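*Asks:* task: produce atomic coordinates for the following.
(one chain, ligands or ions: 2)
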Amino acid sequence: MNALIMVLPGDGTGPEVTDQAVEVLETVAELYGHRFTIRTDLVGMDAIEAYGAAIADDTLADCAQADAILFGAVGGLTQVGDGPRPEQALFRLRTEFELFANLRPVRPFGALIDASPLKPEYLKGTDLLFVRELSAGLYYGHLETVPGKPSEIRRRGNRMEAIDTLLYTEDQIERVVRTAFELAGTRRRNVTSVDKANVLSSSVLWRRVVERVAREHPEVTWEHMLVDTCAMRLIRNPAEFDVVVTENLFGDILTDEASMLAGSIGMLPSASLGSRRTPGGVFGLYEPVHGSAPDIARQDRANPIGAILSAAMLLRHSLGLHPEAAAVEAAVEAVLADGFRTEDIAYAGGTAIGTAELGSRVREQLAIAD
Ligand code: NAI
Ligand code: MG
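*Replies:* Ligands and ions are numbered 1, 2, ... in the order given. Sure, this is the predicted structure:
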């Protein structure tokens, strides 16, 4: 197939891990007979320097032409002055393309399980997919996308008060819940919907929508779970979860909690999906969960697996190349099973190698498996 992929490497370790992911995509194209056109542009601090904005309008226009975006990370050690901030790039991409479903799979690799901070018997069989609502909720009060939705610090008498609004429309809930049920259909067919319906009206509406969407998917089993219960069960019995869907703030916290199940933040991929269809799936932005890690930038120390697995998600969700995505994941698994580790996962023993060598070993495994 032909595809146009927009690559935005960004700051710090972003470029070095993204390079490895791009080379994996190029290897996939070569081995499986696809033509991927890769277009690269500046984002984050270099874009501020060159264009005066964290992402230029022209870059956004190029993204709109693409089937998917592969993103590194943005942000520096410190913010200088009060000009444009690098993080605005991600924010603009999310709003411009209405990326409403943030997918974060967590599947601890066998080779790392024994060295995890959690007991291996609790981790065994864990293979879960978080679907976090990304476009609404508490974080969006200040955008004034909904008139009369306050988010402010204000004076009341001689004391201050502050207000944020947690607002969800039925449509915002429905599209993300529908995504979760559709994804569950391709996995173990189970959805856990997480809310706080014992105290929040938005959660009561959330439940109603879940029940309605669930009726359209009789093949998927599902349950409601309170967010505090979910926080406990993620540690006590993570293997019980298949797809977990939740609103923005709960998802932010629970996905960070769940990420620790995988051993290192450098291991974790993510996808942020919109609703525009592409020939093979849906348009999306793919990035490792970690930030720009400036403390280890340009030293060949960063773990590229989060970025490489993000490329695998791109193949699956935006291009519909399921066997190719699975092959990339299997290649990562094989490299870990052979004992190769970047320093963040060196606690699991094995041979310490750098960013570039880990990437090239993944590509080697891909070629062997083909
Ligand atoms: P971070 O994720 O960049 O780093 C946290 C810790 O994990 C650091 O010790 C780092 O060395 C380590 N780490 C991160 N990625 C790694 C990898 N691939 N391999 C090995 N070790 C890795 O988070 P931090 O330090 O809070 O933020 C640094 C910058 O990144 C800030 O400017 C922040 O705003 C930005 N950031 C950007 C994100 C994005 O672009 N999506 C997400 C999170 C933070
Ligand atoms: Mg977070």
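*Asks:* around ligand 1, pick out the residues from this structure.
*Replies:* 13, 17, 73-76, 87, 90, 265-266, 287, 290-296, 302-303, 306, 344 (C-beta under 6 Å from any ligand atom). C-betas here are computed from N, CA, C, even on glycine.
*Asks:* at 8 Å instead, please
*Replies:* 10-14, 17, 44, 71-77, 86-87, 90, 264-266, 287-296, 301-307, 342-344 (C-beta under 8 Å from any ligand atom).
*Asks:* which SS class is Arg277?
*Replies:* Classification of Arg277 using DSSP: H, G, I helix; E, B strand; the rest coil returns strand.
*Asks:* low-scoring stretches of this structure, by residue?
*Replies:* 79-81, 115, 141-149 (pLDDT under 70).
*Asks:* show me how it divides into domains.
*Replies:* Domains of the chain are assigned by automatic domain parsing as 1-105+265-370, 117-135+170-262.
*Asks:* could you look over those domains and pick the most buried one?
*Replies:* domain 1-105+265-370 (a mean of 20; mean count of other C-beta atoms under 10 Å).
*Asks:* any idea how far that one is from the chain center?
*Replies:* 10 Å (C-alpha atoms, centre = their mean, to the nearest Å).
*Asks:* could you do stretch 161-177 as well?
*Replies:* On C-alpha atoms, centre = their mean, the centre of stretch 161-177 falls 20 Å from that of its chain.
*Asks:* all helices for the stretch 51-200 of the chain, in order.
*Replies:* 57-65, 88-96, 110-113, 120-123, 170-185 (DSSP state H, counting those that start in this stretch).
*Asks:* and the angle for the second one with helix 57-65?
*Replies:* Using axes from the mean of the first three to the mean of the last three C-alpha atoms, to 10 degrees, one finds that helix 88-96 and helix 57-65 are set 50 degrees apart in direction.
*Asks:* now the residue of the stretch 201-350 of the chain found nearest ligand 1: which helix or strand?
*Replies:* Ranked by C-beta to the nearest ligand atom, the top residue of the stretch 201-350 of the chain for proximity to ligand 1 is Gly291, at 2.4 Å. Using DSSP states H and E, Gly291 is not contained in any helix or strand.
*Asks:* just confirm it contacts Phe71, I think it does.
*Replies:* No - checked against C-beta atoms under 8 Å, the pair Gly291 and Phe71 is beyond contact range at 11.7 Å.
*Asks:* what values do phi and psi take at the most centrally placed residue in the chain?
*Replies:* Closest residue to the average C-alpha location of the chain: Ser270 at 2.0 Å, with C-alpha atoms, centre = their mean. Phi and psi for Ser270, reported as degrees, to the nearest 10, are phi -150, psi 160.
*Asks:* give the contact list for it.
*Replies:* 102-104, 286-289, 310, 313 (C-beta atoms under 8 Å, 6 or more residues apart in numbering).
*Asks:* dump the residue contacts of the nearest residue to Val245 once chain neighbours are set aside.
*Replies:* Among residues not flanking Val245 along the chain, Ala180 sits closest, at 3.6 Å (C-beta to C-beta, 6 or more residues apart in numbering). By C-beta under 8 Å, 6+ apart, the residues touching Ala180 are 101, 131, 191, 193, 243, 245.
*Asks:* got a markdown table for the domains of the chain, with distance to Arg159 too?
*Replies:* A markdown table is the format used below for the domains of the chain (distance: least, C-beta to C-beta, whole Å):
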| stretch | distance to Arg159 |
| --- | --- |
| domain 1-105+265-370 | 28 |
| domain 117-135+170-262 | 25 |
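*Asks:* returning to what we had before: and the residues of the chain next to ligand 1, which of them are in strands?
*Replies:* Mapping the residues of the chain next to ligand 1 onto strands (DSSP state E) picks out 10, 71-73, 287-288.
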